[in-house]
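> curious how this folds, go ahead:
(3 chains)
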Amino acid sequence: MSQQLSINGVTHTVDVDEDTPLLWVLRDVVGLTGTKFGCGIALCGACTVHIDGVPRRACITSVKSLGNASIRTIEALETTPVGRSLQKAWLDLEVVQCGYCQSGQLMSAAALLAGNAAPSDADIDTVMSGNVCRCGTYGRIRAAIKQAANEIQHTTPEGAQ
Amino acid sequence: MSDTPSHQLSRRSFLISTAAAGGGLLIGFRVPSAGGQSMDPTLEPNAFVRIDRTGAIRVTLPYVEMGQGAYTAQAQLLAEELEVEIGQLTLEHAPANEALYSHPVFGDQITGGSAGLRGAWEPLRRAGATTRVLLTQAAARRWRVAPSTCTAERGEIVHARSGRRARYADLVDAAARLPVPKNVALKSPDQFRIVGKPVKRVDTPDKVNGKARFGIDALPTGVKFAAVAACPVFGGQVGTIDDTAAKRIRGVRQIVRLEDAVAVIADHTWAARKGLAALKVSWNEGANANVDTKALIAECDAALDRPGVTATTHGDVQAVEAQAASFYEAQFRLPMLAHLAMEPINCTAHVRKDSCEIWVGCQRLALARRMAAEASGLPLERITIHNHLLGGGFGRRLEADYVAQAVRIARHVEGPVKVIWSREEDVQHDYFRYHNHSRVRVGLDANNAPISFSHKIVGPAVMARWLPVFFQNNVDLDIISVSAGTYAWPNVHVEYVRVEPPTGLNVGNWRGVGASRNAFVVESAIDDLAKRAGKDPLSYRRELLAKSPRLLNVINKVAELAQWGTPLGAGRGRGISVLDDFGSYVAQVAEVTVSRSGQVRVDRVFCVVDCGLAVNPDIVKAQLEGGIVYGVSAALHGKITVAEGRIQQGNFDDCPVLRMHDTPRIEVHVVPSAEAPGGVGEPGTAAVFPAVTNAIFAATGKRLFELPIDPTQLRNSL
Amino acid sequence: MNRAHALALLCIVFASMSLADAPLEPLRAPQAFDSIRNRAARSNAYFTEAAKVLQHPRCLNCHPATRTPTQGDDLHPHMPLVQAGPENRGTKELPCSSCHGPENAPTLGGRVKSVPGNEHWSLAPASMAWQGLTTAQICEQIKDPKRNGNRTLAQIEKHLAEDHLVGWAWHPGEGRAPAPGTQEVFGQLIAAWVKTGAHCQQASL
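Numbering: from 1, shown residues only, chains lettered A, B, ... in the order given. Take a look at the predicted model:
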């Protein structure tokens, strides 16, 4: 079945069965490999993308369910001020080790800050516990989210989202 | 793992320089051929540094990047001596070639055992320094001045007196014609400007924008995608296949049958997975169809009563035991563990008639190449491996079984094929840390002071298969590392009883390796001995470590950091552990809370590490933090079980790991030091097991002799 | 076996043959209780039968005692940690829909064969917590407009008989046992219960 998908502002026509999860369309068909496969059952968050601004696990999101939705992946994170602040904080605090889970971590964090400009530790826990990291970067992720939140709050209005 | 056989393996290597193809300077090492002293003229130099006429400095990194910061640390070493900034370097993965890129201790191209930096420490600095000296000499000749009057600065040679400067780019051709200087002096730590500093990692900018390429991201032109299932009973084989339904799935191109696995090749992974789900396979389950965990444990228990081979012995345990007033005896059991790196196992292979190309992230590239040669039937030199970033290694990617499997599949496929294991496949066909059992017997005098220490170790000899030089006199040198702890016992006896899993159940290395078993065993026993002597666990260790200044220092520092001795609430406790392995000294204090129902929460972990000179102190901290999280996950949840020859777990639901909300707050302190660098990837994991169980002991009085921590044993223990 | 029993059994056989998700446990239709003369007792019997559904893990998991759902037939804590959020659809930053799409999603995986989904996937409000409650307590709660979302009994009847998310319990996706019976029979039981005065078992009984 041929279907049009809006990915990072670009329309892609893909011809896959309608039950195909977005993850494999992104990675194998469109060639956007930043979104990662980790578990295939929505338990690790490595494949997190934004669908109309809502964080979704791409591994269990069928293309059929997408319609005309706007899909944003890690490759487009830097197009938003929140995304840029998070990327900067991630590098400032040297969050990353192997980096495989970090696409998903960043996309979850971006959804968190989009909805909650000043998250508490408990808020961060609730959202970020959906993302597994085996290198153990959780402590630094928490600190980086706070730094990014701080930076966003203290930027000038034109810099804000 | 410890460096015991290093003296036998240290290869004398010769630094060489040559004109690079297309002009420029190339610096590397040439290793004498295994047979004798003559240099093999066919050997390519293992170019560590190539500088071309444009000034581009390409550095080949022998140790792979799996999150441990290897690329950054290696770049620091080279940039330091080459007198350039890290940003001036272009970094490249080393190709697979054991003759050129072997670790000096392991004797093979291996990134593991917390030994990468120790392997790179000397050679990379020498390569950088030699290059700098050659460039300096070339400039001095051109200017007809003494080389000693010239200095190297940020990619230029400078003659301060005359104010002349020359870019490296303009000197490379002249430098390539000069003889290689011998015994180039390396900088002393007080001269370091890059080494020892928390410089920014080189691999991370592309890891926050989706651009980083892991093995799983390889997309060679025309690639097809494979889903694979190996026989669920380990050691079993494929019986019959009915592929009628699978072939009807849109996008499915081909079914490949191997002896022990089936693969479905398709246009994308989902079609391949659907095809695999639709494939009807009957398996010849073979000899292991009735194996279960209970039997495996019973076999290890029984082995504890068998005599083993002597691994270490000092003094005369037998004689001293005759005079002991009493004994401490305890038995410990450690479970099977999987690795669960975030990047599931995968490999992309393209087998042509006369060559084979592989895209993978692997900790042991040369082995991967040898296995690919065997699997493809092609000579070694026809195998090309494109190494990639690794989405976690933890020991799993020290194996190359998946490379061989991908090649065997690719032999049947036109064009490249990417084989991705499902998470379930990744867990169930892991190279597991196997069951490890131990018995400790300590002779005590009338004052409960230890006079002898015996330790019988039961477990597989992973090294016998994986790195035979670490298997000596029938003893696996890894499984016995730190088996008497960090303590200078006057009378020690360590015995090893080898027990191998059933054929087909693969076992291998797991983060922390031998220390991950023995630190738990010994540090648990020490805590018990302190209790028996009526002493505080910290003061007891201090007494035993009185003659080990670096250990004493880390244990004192961690006690201070953790405010050892200050009161904690009900159900809470602190536990301490200390470890001397991998060339580093580590002490940890864990704080736990145990609920009435026996649930354990690890609240905080304090860690002090003296790893000698920390080439990048922030990466050292990150490694310890990560090692601790990895260890706490295993201490609380790590357990792989077998029933009817099948692994019973498969994904993050039944292999739970720490998530952000249950991860302890971790504080790591790095001791400043100018000693030679030690390894930091493993000790955080190894030392945290006993820190946690000792904290549970402090909170509840209940000693845990088995991992993972079993809440039912702690119920109502408060 | 009386005729009513026989009829009920026939219904069950028919139901199980006609549905893809075959009911694993029988759910007796209202006719099975015709022989109970006492109206209140009969009413209570309808509800007790319907409670086989209400007390089933497919329903209980999203009617938890805390604001965090549970999972599986053993009602273990939901993995990962999630919160009901202000509107019982998760938090804005991590809504239920992050993982639970409009339909059950096959995973082709191991033990978790599908990730459950429904257009209206959400957690029951705190007032409708069922875990830890007896059937009698659930019965009282369902009738209580203060706790049942201000619904009349007629609305309750319609909701339980027709709601798509309620209906998910009988179509829970591969790898999950469905609730007993069918939503249709369940709806009939609730209707019969309402019609007979919506009696609940007394706490003392």
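
> okay, now B:H437: neighbour count?
24 (other Cβ atoms under 10 Å in any protein chain shown). For every residue, glycine as well, the C-beta is placed using N, CA and C.

> wait, isn't it in contact with B:P335?
No - contact status for B:H437 versus B:P335: not in contact, 10.5 Å apart, counting by Cβ atoms under 8 Å.

> need the overlap of contacts for the two.
Between them, B:H437 and B:P335 share no neighbouring residue, with contact defined by Cβ atoms under 8 Å, 6 or more residues apart in numbering or on different chains.

> mind listing the helices for chain A?
For chain A, the helices defined by DSSP state H occupy A:22-24, A:81-92, A:102-115, A:121-128, A:138-153.

> could these be laid out in a markdown table, adding distance to B:Q237, mean pLDDT and mean neighbour count?
Output for the helices of chain A, formatted as a markdown table (distance: least, Cβ to Cβ, whole Å; pLDDT from 0 to 100; neighbours: other Cβ atoms under 10 Å in any protein chain shown):
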| stretch | distance to B:Q237 | mean pLDDT | mean neighbour count |
| --- | --- | --- | --- |
| helix A:22-24 | 30 | 98 | 26 |
| helix A:81-92 | 46 | 98 | 21 |
| helix A:102-115 | 37 | 97 | 27 |
| helix A:121-128 | 44 | 94 | 21 |
| helix A:138-153 | 42 | 97 | 21 |
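
> now those in TSV, with distance to chain C?
Formatted as TSV, those follow (distance: least, Cβ to the nearest Cβ, whole Å):
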stretch	distance to chain C
helix A:22-24	10
helix A:81-92	12
helix A:102-115	4
helix A:121-128	4
helix A:138-153	11
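
> what would those look like in TSV with distance to B:Q331?
Output for the helices of chain A, formatted as TSV (distance: least, Cβ to Cβ, whole Å):
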stretch	distance to B:Q331
helix A:22-24	46
helix A:81-92	46
helix A:102-115	41
helix A:121-128	38
helix A:138-153	34
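
> which parts of chain C sit against chain B?
Taking Cβ under 8 Å from any Cβ of the partner chain as the test, the list of chain C residues beside chain B reads C:M79, C:P80, C:L81, C:L108, C:G109, C:G110, C:R111, C:V112.

> which among these end up buried?
Burial by neighbour count, 16 or more other Cβ atoms under 10 Å in any protein chain shown: within the residues of chain C next to chain B this picks out C:M79, C:P80, C:L81, C:L108, C:G109, C:G110, C:V112.

> tell me which two in the residues you listed are the farthest apart.
Within those, two members stand farthest from each other by Cβ to Cβ: C:L81 and C:L108, at 26.0 Å.

> return the residues of chain C in contact with chain A.
Within chain C, the positions near chain A by Cβ under 8 Å from any Cβ are C:79-83, C:91-95, C:97-99, C:101-103, C:105-109, C:112, C:115, C:117.

> restricted to helices, list these.
Among these, no member lies in helices (by DSSP H).

> now, of the residues you listed, which are buried?
Neighbour counting with 16+ other Cβ under 10 Å marks C:79-83, C:91-95, C:97-99, C:101, C:103, C:105-109, C:112, C:115, C:117 as buried within the residues of chain C next to chain A.

> hang on, B:A277 packs against C:G110?
No - applying Cβ under 8 Å, one finds B:A277 not in contact with C:G110, separated by 11.3 Å.

> the helix or strand containing B:C347 near chain A anywhere?
Mapping B:C347 onto the secondary structure by DSSP states H and E places it in strand B:346-351. No - legend: contact between strand B:346-351 and chain A by Cβ under 8 Å from any Cβ is lacking; minimum distance shown is 8.9 Å.

> neighbouring contacts of the following helix or strand past that strand?
Where DSSP H and E defines the elements, the next helix or strand beyond strand B:346-351 is strand B:356-360. With Cβ under 8 Å, 6+ apart as the contact definition, strand B:356-360 has outside contacts at B:215, B:218, B:220, B:346-350, B:368-369, B:372-373, B:376, B:378, B:382-388, B:402-403, B:406-407, B:410, B:416, B:418.

> buried among the residues you listed? Need that as a selection in PyMOL.
Buried residues within the contacts of strand B:356-360, as defined by 16+ other Cβ under 10 Å, are selected in PyMOL through the command that follows:
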select buried, chain B and resi 215+218+346+347+348+349+350+368+369+372+373+376+378+382+383+385+386+387+388+402+403+406+407+410+416+418
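
> okay, the residue positioned nearest the centre of chain C: pLDDT?
Per Cα atoms, centre = their mean, the C-alpha nearest to the average position across chain C is that of C:L54, at 4.0 Å. Per-residue confidence for C:L54 comes out at a pLDDT of 97.

> so it sits against C:L133, correct?
No - counting by Cβ under 8 Å, C:L54 stays clear of C:L133, with 9.3 Å between them.

> could you check which helix or strand contains the nearest residue to B:P95 once chain neighbours are set aside?
Spatially, and ignoring its direct neighbours in sequence, B:P95 is nearest to B:I385 (6.5 Å; Cβ to Cβ, 6 or more residues apart in numbering or on different chains). Secondary structure here is read from DSSP H and E; on that basis B:I385 sits in strand B:383-387.

> what does that strand contact?
The list of residues contacting strand B:383-387 from outside it, by Cβ under 8 Å, 6+ apart, reads B:64, B:93-96, B:218, B:355-362, B:365, B:368-369, B:372-373, B:376.

> same check, this time on stretch B:278-294
Under Cβ under 8 Å, 6+ apart, the answer for stretch B:278-294 is B:229, B:231-243, B:245-246, B:248-249, B:255, B:262, B:264, B:336, B:502-505, B:641-645.
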